[in-house]
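Novice: Quick one, structure for this:
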Amino acid sequence: MKKTLILIAITMSISTAQANNLFDFMKNSATQTSNEIVDGAQLVTLEPKESEMYPKASPDGRYLLTLTSNNRHYWISRRAIENGDPLNAVSDDLAALASVAWFGQDVTFLSSRTGMLGLWKKPADGEGLMRRSKELTGKLKDITLLKDGSIIATRLVMHSHDRHAKKEKLDNFNNWKIMGTHGYIVHIAADGSEKRLSEGFHAAVSPDGQRIVFSMPIGRSIHLFLMDIDGSNLAELTDVRSVDVQATWSPDGQWIVFSSNRSHADMRSGKKSQWDVWAVSSEGKKLTQLTFDAARDGAPSLASNGYVYFHSDRKVGKELKTERQIQGQVGRFHIWRIKMPQ
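Specialist: Down below sits the predicted model:
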């Protein structure tokens with residue numbers, strides 16, 4: 001029987017049946033070829049039969065949000081950042097899976113719970129009121145709520161007649177290519193007016209709220225770009241023949257960490273790509289490879305404690321399972337961490 005992993009649902013504006021089809025792409029993960037941890041990464045999360053993906057470190061450096069799955073049940077959980085212990089479930093709303101983000105001590109996420117798509121906010125510990133911050137329309141992901149009440153997001157535009165998209169077999173690791181869609185970075189003002197800033201996806205806003213790093217296709221490659229929050233001063237951050245995605249900022253805004261296949265890029269089928277976590281300064285200097293394992297490492301989040309948290313399908317050996325007092329099967333993806341170089 002094929003082992004199902006996780007694919008993030010787009011939004012609740014997509015039907016449940018469509019979302020379930022998206023989950024089916026996360027099957028047959030690659031098999032780790034070696035038990036040796038070659039880069040010193042440390043395992044953070046491990047629960048029986050669970051997979052944990054897409055970590056997001058809290059601004060205070062105490063917690064992680066993870067997309068967690070067990071069989072075909074998916075939810076966002078809050079965990080202790082030091083040992084990965086689950087603390088509480090945040091949401092199992094399908095739309096939240098591709099949109100959850102920190103906002104101070106609260107979390108924000110998309111939901112259509114009232115029949116209309118909206119951005120909702122609730123305390124991360126689950127105690128207190130859940131409030132709708134803004135009513136929205138269309139297909140959105142990668143949401144960032146700004147302090148002025150406006151939003152930076154990826155707007156997904158559906159292709160009207162894309163026959164090839166239905167037949168295309170997607171890489172089961174990525175969350176940057178959604179069949180039959182095209183992405184744009186948009187700014188949605190507090191009054192609901194919307195401005196298209198650039199083609200692209202995976203927009204991440206700098207800690208000072210002044211700049212955006214995002215990914216944009218260039219031929220077969222996907223490069224990282226920077227721009228000001230209003231879409232001005234566009235600059236290309238990476239430019240080699242590779243796929244650079246899932247970028248995020250360090251808490252001080254000096255570094256950008258991202259997922260890339262640049263150490264071994266298979267630009268035709270993608271099946272032979274080597275996926276690792278990389279870092280580069282916000283000025284485009286000091287490019288550094290952080291992980292070197294043969295498994296697929298991705299979706300990094302740099303916390304204030306100096307560690308980069310990322311998900312990986314590295315093999316979890318008997319020693320690690322015994323150390324965590326885990327018996328039986330565990331999921332394929334888990335959260336690991338590695339120290340950011342000084």
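
Novice: which stretches of the chain aren't confidently modelled?
Specialist: 1-37, 160-173, 267-270 (pLDDT under 70).

Novice: max-length strand in it?
Specialist: Ranked by residue count and defined by DSSP state E, the top strand of the chain is strand 255-264.

Novice: List of residues touching that one?
Specialist: Under the criterion C-beta atoms under 8 Å, 6 or more residues apart in numbering, residues 213, 224, 237-238, 240, 242-250, 270, 272-282, 289-290, 292, 297-302, 308, 310, 340 lie in contact with strand 255-264. All C-beta atoms are positioned from the backbone trio N, CA, C, and that covers glycine.

Novice: Also stretch 217-229?
Specialist: For stretch 217-229, contacts defined as C-beta under 8 Å, 6+ apart pick out 146, 152, 176, 187, 197-200, 205, 209-216, 233-245, 247, 256, 258, 267-268, 280, 282.

Novice: Would you show me how to pick out the buried ones of the contacts of strand 255-264 in ChimeraX?
Specialist: A single ChimeraX command selects the buried members of the contacts of strand 255-264 (16 or more other C-beta atoms under 10 Å):
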select :213,224,237,238,242,243,244,245,246,247,248,249,250,270,273,274,275,276,277,278,279,280,282,290,292,297,298,299,300,301,302,308,310,340
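
Novice: for the stretch 201-342 of the chain, what spans make up the helices?
Specialist: Secondary structure of the stretch 201-342 of the chain (DSSP state H, counting those that start in this stretch): helices at 318-323.

Novice: on that earlier part again, can you list the strands that the longest strand of the chain pairs with?
Specialist: If you go by DSSP bridges, strand 255-264 pairs up with strand 244-249 (antiparallel), strand 274-281 (antiparallel).

Novice: closest to Ser193 out of these?
Specialist: strand 244-249 (26.3 Å; C-beta to C-beta).

Novice: before we move on, the earlier item: can you pull the buried residues of the longest strand of the chain?
Specialist: 255-262.

Novice: next one: stretch 70-88
Specialist: 74-79, 81, 84, 86.

Novice: Just the closest of those to Ala41, please.
Specialist: Gly84 (13.3 Å).

Novice: For the spatially closest residue to Ser259 that is not a sequence neighbour, give its distance to Asn175.
Specialist: Sequence neighbours aside, Gly298 is the residue nearest to Ser259 in space, at 3.9 Å (criterion: C-beta to C-beta, 6 or more residues apart in numbering). Remark: distance between Gly298 and Asn175 (C-beta to C-beta, to the nearest Å) = 9 Å.

Novice: quick one: common contacting residues for those two?
Specialist: Gln246.

Novice: just to revisit the earlier point, wait, which of the strands paired with strand 255-264 is closest to Ser112?
Specialist: strand 244-249 (25.4 Å).

Novice: CA atoms of the closest one as CSV?
Specialist: This file holds the C-alpha atoms of strand 244-249, laid out as CSV (Å, rounded to 0.1, in the frame of the first residue of the first chain):
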residue,chain,number,x,y,z
ASP,A,244,15.2,28.3,-5.1
VAL,A,245,12.0,28.4,-3.0
GLN,A,246,10.4,28.6,0.5
ALA,A,247,12.5,31.6,1.5
THR,A,248,12.2,33.2,4.9
TRP,A,249,14.0,35.8,6.9
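
Novice: Count the neighbours of Ile338 for me.
Specialist: 21 (other C-beta atoms under 10 Å).

Novice: Let me fix that, I meant to ask about Lys318.
Specialist: Residues near Lys318, counting by other C-beta under 10 Å: 9.

Novice: cool, and Ile151?
Specialist: Every residue meeting other C-beta under 10 Å relative to Ile151 is counted, giving 22.

Novice: That one reaches Lys141, doesn't it?
Specialist: No. With contact defined as C-beta atoms under 8 Å, Ile151 and Lys141 do not form a contacting pair (11.7 Å).

Novice: Report whether Leu97 is found in a helix, as I expect.
Specialist: Yes. Applying DSSP: H, G, I helix; E, B strand; the rest coil, one finds Leu97 inside a helix.

Novice: residues touching Leu64, list them.
Specialist: With C-beta under 8 Å, 6+ apart, Leu64 has these contacts: 44-45, 55-58, 78-81, 84, 301, 309, 335.

Novice: Which element, helix or strand, includes it?
Specialist: Counting by DSSP states H and E, the element that carries Leu64 is strand 63-70.
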